[in-house]
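Asker: Here's my sequence, what's the structure:
(one chain, ligands or ions: 2)
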Amino acid sequence: MAQKTSVCIVGSGNWGSAIAKIVGANCANLPEFEERVTMYVYEEMIDGKKLTEIINTTHENVKYLPGHKLPPNVIAVPDLVEAAKDADVLIFVVPHQFIPNFCKQLLGKLKPNAIAISLIKGFDKAEGGGIDLISHIITRHLKVPCAVLMGANLANEVAEGQFCETTIGCRDAKYAKILRDLFQANHFRVVVVDDSDAVEICGALKNIVAMGAGFVDGLGLGDNTKAAVIRLGLMEMIRFVEIMYPGGKLSTFFESCGVADLITTCYGGRNRKVGEAFVKSGKTIQQLETELLNGQKLQGPLTAEEVNYMLKNKNLEEKFPLFTAIHKICSGSLKPQDLIECIRCHPEHISHCFSRESSLLPAPKL
Ligand SMILES: NC(=O)C1=CN([C@@H]2O[C@H](COP(=O)(O)OP(=O)(O)OC[C@H]3O[C@@H](n4cnc5c(N)ncnc54)[C@H](O)[C@@H]3O)[C@@H](O)[C@H]2O)C=CC1
Ligand SMILES: O=C(CO)COP(=O)(O)O
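Answerer: Ligands and ions are numbered 1, 2, ... in the order given. All right, here's what the predicted structure looks like:
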(Lines give C-alpha, C1' and ligand atoms only; values in the text may rest on other atoms or scores of the structure.)
(Ligands and ions follow the chains in the order given, each with its own letter.)
Protein backbone atom coordinates (compact mmCIF):
# COMPACT_ATOMS: atom_id res chain seq x y z
CA MET A 1 0.00 0.00 0.00
CA ALA A 2 1.26 3.48 -0.87
CA GLN A 3 2.43 5.52 2.09
CA LYS A 4 -0.06 8.02 3.40
CA THR A 5 0.82 11.70 3.28
CA SER A 6 1.16 13.28 6.69
CA VAL A 7 0.40 16.96 7.17
CA CYS A 8 1.52 19.66 9.62
CA ILE A 9 -0.04 23.11 9.90
CA VAL A 10 2.60 25.59 11.06
CA GLY A 11 0.49 28.29 12.69
CA SER A 12 -2.78 28.53 14.56
CA GLY A 13 -3.99 32.11 14.31
CA ASN A 14 -7.29 33.20 12.78
CA TRP A 15 -6.54 31.82 9.28
CA GLY A 16 -4.44 28.89 10.51
CA SER A 17 -7.37 27.70 12.64
CA ALA A 18 -9.95 28.23 9.89
CA ILE A 19 -7.91 26.25 7.38
CA ALA A 20 -7.37 23.54 10.01
CA LYS A 21 -11.12 22.86 9.84
CA ILE A 22 -10.90 22.04 6.12
CA VAL A 23 -7.52 20.29 6.17
CA GLY A 24 -8.45 18.26 9.26
CA ALA A 25 -11.71 17.09 7.68
CA ASN A 26 -9.99 16.18 4.40
CA CYS A 27 -7.25 14.24 6.18
CA ALA A 28 -9.89 12.32 8.15
CA ASN A 29 -11.89 11.49 5.02
CA LEU A 30 -9.44 11.01 2.14
CA PRO A 31 -7.47 7.75 1.93
CA GLU A 32 -4.25 9.34 0.65
CA PHE A 33 -3.72 11.33 3.86
CA GLU A 34 -2.65 10.33 7.35
CA GLU A 35 -5.61 11.09 9.63
CA ARG A 36 -3.60 12.78 12.37
CA VAL A 37 -2.73 16.40 11.54
CA THR A 38 -0.32 18.26 13.76
CA MET A 39 -0.80 22.00 14.27
CA TYR A 40 2.04 24.06 15.70
CA VAL A 41 0.60 26.44 18.29
CA TYR A 42 2.59 29.37 19.68
CA GLU A 43 1.92 28.64 23.33
CA GLU A 44 0.15 31.16 25.51
CA MET A 45 -1.88 31.08 28.71
CA ILE A 46 -5.61 31.74 28.54
CA ASP A 47 -7.33 32.10 31.94
CA GLY A 48 -4.56 30.07 33.56
CA LYS A 49 -4.64 27.25 30.98
CA LYS A 50 -2.29 26.46 28.11
CA LEU A 51 -3.84 27.18 24.69
CA THR A 52 -2.60 23.81 23.37
CA GLU A 53 -4.39 21.99 26.20
CA ILE A 54 -7.58 23.93 25.56
CA ILE A 55 -7.45 23.08 21.85
CA ASN A 56 -6.70 19.40 22.49
CA THR A 57 -9.54 19.01 25.01
CA THR A 58 -12.29 21.33 23.71
CA HIS A 59 -11.18 21.34 20.01
CA GLU A 60 -11.65 25.08 19.88
CA ASN A 61 -9.05 27.79 19.44
CA VAL A 62 -10.81 30.04 21.93
CA LYS A 63 -8.48 32.98 21.30
CA TYR A 64 -8.07 33.14 17.51
CA LEU A 65 -11.18 31.41 16.16
CA PRO A 66 -13.75 31.32 18.96
CA GLY A 67 -17.08 29.64 18.30
CA HIS A 68 -15.78 27.02 15.85
CA LYS A 69 -14.89 23.38 16.53
CA LEU A 70 -11.72 22.02 14.96
CA PRO A 71 -11.77 18.38 13.83
CA PRO A 72 -10.53 16.15 16.69
CA ASN A 73 -7.77 14.70 14.49
CA VAL A 74 -6.05 18.14 14.49
CA ILE A 75 -3.58 17.95 17.36
CA ALA A 76 -2.09 21.13 18.85
CA VAL A 77 1.66 20.85 19.48
CA PRO A 78 3.63 23.61 21.25
CA ASP A 79 7.05 22.49 19.93
CA LEU A 80 7.65 23.57 16.32
CA VAL A 81 10.17 20.85 15.43
CA GLU A 82 8.10 18.14 17.10
CA ALA A 83 5.03 19.24 15.11
CA ALA A 84 6.85 19.40 11.76
CA LYS A 85 9.48 16.66 11.80
CA ASP A 86 7.33 13.79 10.38
CA ALA A 87 5.32 15.84 7.90
CA ASP A 88 5.29 15.25 4.14
CA VAL A 89 3.34 18.47 3.58
CA LEU A 90 3.95 21.59 5.68
CA ILE A 91 1.34 24.35 5.58
CA PHE A 92 2.92 27.64 6.65
CA VAL A 93 0.33 30.07 8.00
CA VAL A 94 1.88 32.52 10.46
CA PRO A 95 2.09 36.33 10.37
CA HIS A 96 4.90 36.98 7.91
CA GLN A 97 7.22 38.75 10.35
CA PHE A 98 7.83 35.45 12.20
CA ILE A 99 8.85 33.30 9.22
CA PRO A 100 12.65 33.89 9.24
CA ASN A 101 12.79 32.70 12.86
CA PHE A 102 10.62 29.66 12.07
CA CYS A 103 12.96 28.70 9.22
CA LYS A 104 15.97 28.91 11.53
CA GLN A 105 14.33 26.52 13.99
CA LEU A 106 13.30 24.04 11.28
CA LEU A 107 16.61 23.97 9.43
CA GLY A 108 17.75 20.36 8.96
CA LYS A 109 14.80 19.00 10.94
CA LEU A 110 12.36 18.14 8.10
CA LYS A 111 11.79 14.91 6.17
CA PRO A 112 14.01 14.79 3.04
CA ASN A 113 11.12 14.77 0.53
CA ALA A 114 8.82 17.16 2.37
CA ILE A 115 7.02 19.88 0.42
CA ALA A 116 5.59 23.15 1.68
CA ILE A 117 2.76 25.50 0.87
CA SER A 118 2.63 29.05 2.18
CA LEU A 119 -0.66 30.76 3.06
CA ILE A 120 1.30 33.76 4.32
CA LYS A 121 0.58 37.20 2.87
CA GLY A 122 3.64 39.45 3.12
CA PHE A 123 7.31 39.82 2.14
CA ASP A 124 10.64 40.18 3.86
CA LYS A 125 13.32 42.77 3.14
CA ALA A 126 16.24 41.31 1.18
CA GLU A 127 19.87 42.35 1.29
CA GLY A 128 20.76 44.70 -1.55
CA GLY A 129 17.61 46.80 -1.37
CA GLY A 130 14.96 44.36 -2.61
CA ILE A 131 12.31 42.11 -1.14
CA ASP A 132 12.05 38.37 -0.72
CA LEU A 133 8.92 36.33 -1.29
CA ILE A 134 8.03 34.18 1.71
CA SER A 135 7.83 31.01 -0.43
CA HIS A 136 11.35 31.74 -1.72
CA ILE A 137 12.63 32.16 1.83
CA ILE A 138 11.11 28.81 2.81
CA THR A 139 12.62 27.04 -0.20
CA ARG A 140 16.02 28.66 0.19
CA HIS A 141 16.36 28.02 3.93
CA LEU A 142 14.65 24.67 4.26
CA LYS A 143 15.50 23.21 0.80
CA VAL A 144 11.89 22.22 0.15
CA PRO A 145 9.71 23.18 -2.83
CA CYS A 146 7.06 25.68 -1.73
CA ALA A 147 3.71 26.39 -3.39
CA VAL A 148 1.34 29.16 -2.24
CA LEU A 149 -2.37 29.47 -1.51
CA MET A 150 -3.96 32.93 -1.65
CA GLY A 151 -7.52 34.07 -2.22
CA ALA A 152 -10.56 36.02 -1.09
CA ASN A 153 -10.66 34.09 2.14
CA LEU A 154 -11.61 36.06 5.23
CA ALA A 155 -10.97 33.41 7.87
CA ASN A 156 -14.18 33.74 9.86
CA GLU A 157 -16.33 33.37 6.73
CA VAL A 158 -14.37 30.32 5.61
CA ALA A 159 -14.78 28.81 9.08
CA GLU A 160 -18.55 29.39 8.84
CA GLY A 161 -18.60 27.37 5.63
CA GLN A 162 -19.63 30.27 3.38
CA PHE A 163 -18.83 29.62 -0.27
CA CYS A 164 -15.58 31.07 -1.63
CA GLU A 165 -12.74 30.40 -4.06
CA THR A 166 -9.01 30.27 -3.63
CA THR A 167 -5.92 30.06 -5.84
CA ILE A 168 -3.00 27.69 -5.43
CA GLY A 169 0.18 28.78 -7.20
CA CYS A 170 2.29 25.70 -7.88
CA ARG A 171 5.21 25.65 -10.29
CA ASP A 172 5.67 21.88 -10.26
CA ALA A 173 2.65 20.07 -11.75
CA LYS A 174 3.42 16.88 -9.83
CA TYR A 175 2.33 18.49 -6.54
CA ALA A 176 -0.84 20.12 -7.90
CA LYS A 177 -3.23 17.22 -7.24
CA ILE A 178 -2.19 16.43 -3.68
CA LEU A 179 -2.33 20.10 -2.73
CA ARG A 180 -5.72 20.63 -4.35
CA ASP A 181 -7.11 17.51 -2.62
CA LEU A 182 -5.80 18.72 0.72
CA PHE A 183 -7.65 22.07 0.57
CA GLN A 184 -10.66 21.54 -1.70
CA ALA A 185 -14.07 21.44 -0.01
CA ASN A 186 -17.66 21.93 -1.11
CA HIS A 187 -17.59 25.53 0.06
CA PHE A 188 -13.89 26.15 -0.71
CA ARG A 189 -13.14 25.80 -4.42
CA VAL A 190 -9.52 25.59 -5.47
CA VAL A 191 -8.01 26.69 -8.80
CA VAL A 192 -4.38 25.70 -9.36
CA VAL A 193 -2.18 27.88 -11.58
CA ASP A 194 1.55 27.73 -12.28
CA ASP A 195 2.14 31.48 -11.88
CA SER A 196 3.17 31.05 -8.27
CA ASP A 197 5.11 34.29 -7.74
CA ALA A 198 2.32 36.49 -9.10
CA VAL A 199 -0.23 34.67 -6.90
CA GLU A 200 1.90 35.34 -3.84
CA ILE A 201 2.59 38.96 -4.74
CA CYS A 202 -1.15 39.60 -5.17
CA GLY A 203 -1.78 38.24 -1.67
CA ALA A 204 0.84 40.48 -0.11
CA LEU A 205 0.17 43.72 -2.00
CA LYS A 206 -3.59 43.76 -1.54
CA ASN A 207 -3.03 44.30 2.20
CA ILE A 208 -1.41 47.66 1.41
CA VAL A 209 -4.37 48.70 -0.74
CA ALA A 210 -6.76 47.62 2.04
CA MET A 211 -5.10 50.09 4.43
CA GLY A 212 -5.84 52.77 1.80
CA ALA A 213 -9.47 51.62 1.59
CA GLY A 214 -9.65 51.96 5.38
CA PHE A 215 -8.26 55.49 5.21
CA VAL A 216 -10.96 56.36 2.64
CA ASP A 217 -13.63 55.00 5.00
CA GLY A 218 -12.11 56.88 7.94
CA LEU A 219 -12.09 60.12 5.96
CA GLY A 220 -15.80 59.68 5.25
CA LEU A 221 -15.27 59.56 1.48
CA GLY A 222 -17.74 57.56 -0.55
CA ASP A 223 -17.83 54.37 -2.57
CA ASN A 224 -16.61 56.02 -5.78
CA THR A 225 -13.41 57.12 -4.07
CA LYS A 226 -12.94 53.70 -2.54
CA ALA A 227 -13.44 52.09 -5.97
CA ALA A 228 -10.78 54.42 -7.40
CA VAL A 229 -8.33 53.40 -4.67
CA ILE A 230 -9.09 49.73 -5.32
CA ARG A 231 -8.64 50.14 -9.10
CA LEU A 232 -5.42 52.11 -8.79
CA GLY A 233 -4.25 49.54 -6.26
CA LEU A 234 -4.90 46.77 -8.76
CA MET A 235 -3.00 48.64 -11.47
CA GLU A 236 -0.04 49.14 -9.12
CA MET A 237 -0.14 45.44 -8.24
CA ILE A 238 -0.01 44.52 -11.94
CA ARG A 239 2.73 47.05 -12.60
CA PHE A 240 4.74 45.77 -9.62
CA VAL A 241 4.74 42.22 -11.02
CA GLU A 242 5.55 43.48 -14.55
CA ILE A 243 8.57 45.45 -13.37
CA MET A 244 9.91 43.37 -10.47
CA TYR A 245 8.92 39.85 -11.48
CA PRO A 246 8.57 39.87 -15.28
CA GLY A 247 6.90 36.81 -16.76
CA GLY A 248 3.79 36.93 -14.54
CA LYS A 249 0.47 36.44 -16.30
CA LEU A 250 -2.28 39.04 -16.47
CA SER A 251 -4.87 36.24 -16.10
CA THR A 252 -3.61 35.59 -12.56
CA PHE A 253 -5.02 38.93 -11.42
CA PHE A 254 -8.50 37.68 -12.37
CA GLU A 255 -8.21 34.62 -10.15
CA SER A 256 -9.42 34.67 -6.55
CA CYS A 257 -5.94 35.76 -5.40
CA GLY A 258 -6.23 38.97 -7.45
CA VAL A 259 -9.32 41.09 -7.90
CA ALA A 260 -11.48 39.00 -5.54
CA ASP A 261 -9.07 39.15 -2.58
CA LEU A 262 -8.56 42.85 -3.18
CA ILE A 263 -12.31 43.46 -2.95
CA THR A 264 -12.98 41.31 0.11
CA THR A 265 -10.05 42.75 2.05
CA CYS A 266 -10.94 46.34 1.15
CA TYR A 267 -14.46 45.77 2.49
CA GLY A 268 -14.19 43.16 5.24
CA GLY A 269 -10.59 42.74 6.38
CA ARG A 270 -8.58 43.70 9.47
CA ASN A 271 -6.33 46.06 7.52
CA ARG A 272 -9.35 48.08 6.35
CA LYS A 273 -10.76 48.15 9.88
CA VAL A 274 -7.54 49.42 11.44
CA GLY A 275 -7.03 51.91 8.58
CA GLU A 276 -10.43 53.45 9.28
CA ALA A 277 -9.84 53.56 13.05
CA PHE A 278 -6.40 55.13 12.47
CA VAL A 279 -7.97 58.12 10.73
CA LYS A 280 -10.88 58.47 13.14
CA SER A 281 -9.04 57.97 16.43
CA GLY A 282 -5.62 59.50 15.82
CA LYS A 283 -4.09 56.55 17.73
CA THR A 284 -1.02 54.73 16.42
CA ILE A 285 -1.39 51.61 14.28
CA GLN A 286 0.36 49.56 16.95
CA GLN A 287 -2.08 50.76 19.60
CA LEU A 288 -5.03 49.92 17.37
CA GLU A 289 -3.67 46.49 16.50
CA THR A 290 -3.53 45.71 20.21
CA GLU A 291 -6.92 47.25 21.01
CA LEU A 292 -8.92 45.93 18.05
CA LEU A 293 -7.42 42.60 17.03
CA ASN A 294 -7.02 40.62 20.29
CA GLY A 295 -3.59 39.21 19.41
CA GLN A 296 -4.16 38.90 15.66
CA LYS A 297 -1.54 40.63 13.54
CA LEU A 298 -1.82 43.30 10.90
CA GLN A 299 0.15 42.68 7.71
CA GLY A 300 -0.52 45.81 5.61
CA PRO A 301 1.66 48.49 7.27
CA LEU A 302 4.69 46.20 7.48
CA THR A 303 4.23 45.10 3.85
CA ALA A 304 3.91 48.76 2.80
CA GLU A 305 7.25 49.42 4.53
CA GLU A 306 8.92 46.42 2.87
CA VAL A 307 7.66 47.45 -0.56
CA ASN A 308 8.70 51.04 -0.02
CA TYR A 309 12.20 49.89 0.93
CA MET A 310 12.42 48.32 -2.52
CA LEU A 311 10.74 51.15 -4.45
CA LYS A 312 12.94 53.76 -2.79
CA ASN A 313 16.11 51.83 -3.51
CA LYS A 314 15.14 51.43 -7.14
CA ASN A 315 13.99 55.03 -7.48
CA LEU A 316 10.46 53.92 -8.34
CA GLU A 317 8.34 55.66 -5.70
CA GLU A 318 6.80 58.00 -8.27
CA LYS A 319 5.55 55.10 -10.36
CA PHE A 320 3.68 53.73 -7.35
CA PRO A 321 2.07 56.78 -5.73
CA LEU A 322 -0.66 54.81 -3.93
CA PHE A 323 1.69 52.30 -2.28
CA THR A 324 4.05 55.15 -1.44
CA ALA A 325 1.37 57.39 0.09
CA ILE A 326 -0.06 54.53 2.16
CA HIS A 327 3.38 53.73 3.53
CA LYS A 328 3.97 57.39 4.39
CA ILE A 329 0.61 57.65 6.14
CA CYS A 330 1.21 54.45 8.12
CA SER A 331 4.66 55.65 9.18
CA GLY A 332 3.46 59.15 10.10
CA SER A 333 5.23 61.27 7.48
CA LEU A 334 2.00 62.09 5.60
CA LYS A 335 -1.48 62.91 6.88
CA PRO A 336 -4.38 60.63 5.80
CA GLN A 337 -6.08 63.78 4.47
CA ASP A 338 -3.29 64.03 1.84
CA LEU A 339 -3.97 60.58 0.37
CA ILE A 340 -6.20 61.79 -2.47
CA GLU A 341 -3.78 64.54 -3.49
CA CYS A 342 -1.08 61.90 -3.92
CA ILE A 343 -3.15 59.88 -6.40
CA ARG A 344 -4.91 62.74 -8.23
CA CYS A 345 -2.27 62.71 -11.00
CA HIS A 346 -1.59 58.99 -10.95
CA PRO A 347 0.51 57.64 -13.88
CA GLU A 348 -2.55 55.55 -14.79
CA HIS A 349 -4.40 58.80 -15.58
CA ILE A 350 -1.65 60.12 -17.80
CA SER A 351 -0.07 57.28 -19.72
CA HIS A 352 -3.16 55.63 -21.13
CA CYS A 353 -4.92 58.35 -23.16
CA PHE A 354 -6.23 56.67 -26.33
CA SER A 355 -3.83 53.74 -25.97
CA ARG A 356 -6.12 51.12 -24.43
CA GLU A 357 -7.45 49.54 -27.60
CA SER A 358 -4.02 48.78 -29.05
CA SER A 359 -2.89 46.56 -26.22
CA LEU A 360 -4.41 44.78 -23.24
CA LEU A 361 -2.11 46.43 -20.78
CA PRO A 362 0.53 48.74 -22.20
CA ALA A 363 3.31 49.45 -19.74
CA PRO A 364 4.02 53.13 -19.14
CA LYS A 365 7.57 54.15 -20.06
CA LEU A 366 9.85 54.14 -17.04
N1 LIG B 1 -7.12 36.02 9.00
C2 LIG B 1 -7.48 35.98 7.74
O3 LIG B 1 -8.66 36.22 7.38
C4 LIG B 1 -6.47 35.62 6.70
C5 LIG B 1 -5.12 35.67 6.93
N6 LIG B 1 -4.22 35.35 5.95
C7 LIG B 1 -2.79 35.40 6.18
O8 LIG B 1 -2.38 34.30 6.96
C9 LIG B 1 -1.22 34.62 7.74
C10 LIG B 1 -1.49 34.24 9.18
O11 LIG B 1 -2.59 34.98 9.64
P12 LIG B 1 -3.57 34.50 10.81
O13 LIG B 1 -3.66 33.01 10.88
O14 LIG B 1 -4.83 35.27 10.61
O15 LIG B 1 -2.78 34.93 12.11
P16 LIG B 1 -3.22 36.02 13.22
O17 LIG B 1 -3.25 37.38 12.68
O18 LIG B 1 -4.44 35.50 13.89
O19 LIG B 1 -1.91 36.01 14.13
C20 LIG B 1 -1.79 35.56 15.36
C21 LIG B 1 -0.91 34.34 15.40
O22 LIG B 1 0.47 34.71 15.59
C23 LIG B 1 0.98 33.95 16.68
N24 LIG B 1 2.08 34.68 17.33
C25 LIG B 1 2.02 35.80 18.08
N26 LIG B 1 3.25 36.15 18.49
C27 LIG B 1 4.11 35.22 17.97
C28 LIG B 1 5.53 35.05 18.02
N29 LIG B 1 6.32 35.90 18.68
N30 LIG B 1 6.05 34.02 17.34
C31 LIG B 1 5.27 33.16 16.65
N32 LIG B 1 3.93 33.27 16.57
C33 LIG B 1 3.36 34.30 17.22
C34 LIG B 1 -0.22 33.79 17.59
O35 LIG B 1 -0.02 32.75 18.48
C36 LIG B 1 -1.30 33.48 16.58
O37 LIG B 1 -1.30 32.12 16.25
C38 LIG B 1 -0.98 36.12 7.50
O39 LIG B 1 0.04 36.27 6.56
C40 LIG B 1 -2.30 36.63 6.93
O41 LIG B 1 -2.14 37.73 6.05
C42 LIG B 1 -4.65 34.93 4.73
C43 LIG B 1 -5.98 34.81 4.45
C44 LIG B 1 -6.99 35.16 5.41
O1 LIG C 1 -6.27 38.08 3.51
C2 LIG C 1 -7.38 38.23 3.98
C3 LIG C 1 -8.60 37.83 3.27
O4 LIG C 1 -8.34 37.09 2.11
C5 LIG C 1 -7.53 38.86 5.32
O6 LIG C 1 -7.22 40.20 5.24
P7 LIG C 1 -6.95 41.03 6.58
O8 LIG C 1 -5.62 40.59 7.11
O9 LIG C 1 -7.01 42.45 6.19
O10 LIG C 1 -8.09 40.64 7.52
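
Asker: any idea how far residue 274 is from residue 330?
Answerer: From residue 330 over to residue 274 the distance is 10 Å, taken as CB to CB, to the nearest Å. C-betas here are computed from N, CA, C, even on glycine.

Asker: what do the two both touch?
Answerer: Common neighbours of residue 330 and residue 274, using CB atoms under 8 Å, 6 or more residues apart in numbering, are 211, 285, 300.

Asker: any idea how far ligand 1 is from residue 234?
Answerer: The gap separating residue 234 from ligand 1 is 18 Å, by CB to the nearest ligand atom, to the nearest Å.

Asker: Can you name the residues that contact the closest residue to that residue other than its chain neighbours?
Answerer: Closest residue to residue 234 apart from its sequence neighbours, by CB to CB, 6 or more residues apart in numbering: residue 262 at 6.0 Å. Neighbouring residues of residue 262 by CB under 8 Å, 6+ apart: 202, 206, 209, 210, 230, 233, 234, 237.

Asker: and residue 89, what is it in contact with?
Answerer: Contacts for residue 89 were tallied using CB under 8 Å, 6+ apart; they are 5, 6, 7, 8, 114, 115, 116, 117, 178, 179, 182.

Asker: let's see it at 6 Å
Answerer: Shown in contact with residue 89 (CB atoms under 6 Å, 6 or more residues apart in numbering): 5, 7, 115.

Asker: What sits closest to it if chain neighbours are left out?
Answerer: Nearest to residue 89 is residue 7, by CB to CB, 6+ apart, at 4.9 Å.

Asker: How about residue 217?
Answerer: Nearest residue to residue 217, sequence neighbours excluded (CB to CB, 6+ apart): residue 276, at 4.2 Å.

Asker: For the closest residue to residue 133 other than its chain neighbours, give its distance to ligand 2.
Answerer: Computed as CB to CB, 6+ apart, the closest residue to residue 133 that is not its neighbour in sequence is residue 200, at 5.3 Å. For residue 200, the distance to ligand 2 equals 12 Å [CB to the nearest ligand atom].

Asker: So residue 200 sits against residue 146, correct?
Answerer: No - counting by CB atoms under 6 Å, residue 146 is not a contact partner of residue 200; they are 9.5 Å apart.

Asker: sorry, back to before: most neighbours out of the contacts of residue 89, which is it?
Answerer: Neighbour counts for these peak at residue 7, which has 26 neighbours (criterion: other CB atoms under 10 Å).

Asker: Before we move on, what's the pLDDT of the closest residue to ligand 2 within the stretch 251-366 of the chain?
Answerer: Residue of the stretch 251-366 of the chain nearest ligand 2, by CB to the nearest ligand atom: residue 269 (2.6 Å). Looking at residue 269, its pLDDT is 98.

Asker: In this structure it contacts residue 210, no?
Answerer: Yes - in this structure residue 269 lies within contact range of residue 210 using CB under 6 Å: 5.2 Å.

Asker: which one of these two has more residues nearby?
Answerer: Comparing residue 269 with residue 210 by other CB under 10 Å, the one with more neighbours is residue 210, at 32 against 24.

Asker: So the more buried one, which state does it fall into?
Answerer: What DSSP: H, G, I helix; E, B strand; the rest coil gives for residue 210 is helix.

Asker: contacting residues around it?
Answerer: If you count contacts by CB under 6 Å, 6+ apart, residue 210 has them with 265, 266, 269, 271, 272, 300.

Asker: Just those: which are in strands?
Answerer: Nothing among the contacts of residue 210 maps onto strands, per DSSP state E.

Asker: Of those, which is the most crowded?
Answerer: That'd be residue 300 among the contacts of residue 210, by other CB under 10 Å, with 31 neighbours.

Asker: for that one, what are its contacts?
Answerer: Going by CB under 6 Å, 6+ apart, the list of residues near residue 300 reads 207, 208, 210, 211, 271.

Asker: Near ligand 1, which residues of the stretch 151-300 of the chain are found?
Answerer: Residues of the stretch 151-300 of the chain found near ligand 1 (CB under 6 Å from any ligand atom) are 153, 154, 155, 295, 296, 297, 299.

Asker: Identify the residue of this protein closest to ligand 1, quick one.
Answerer: Of all residues in the chain, residue 13 sits closest to ligand 1, at 2.3 Å by CB to the nearest ligand atom.

Asker: Now flag whichever of the contacts of residue 300 is closest to residue 38.
Answerer: Nearest to residue 38 among those is residue 207, at 28.0 Å by CB to CB.
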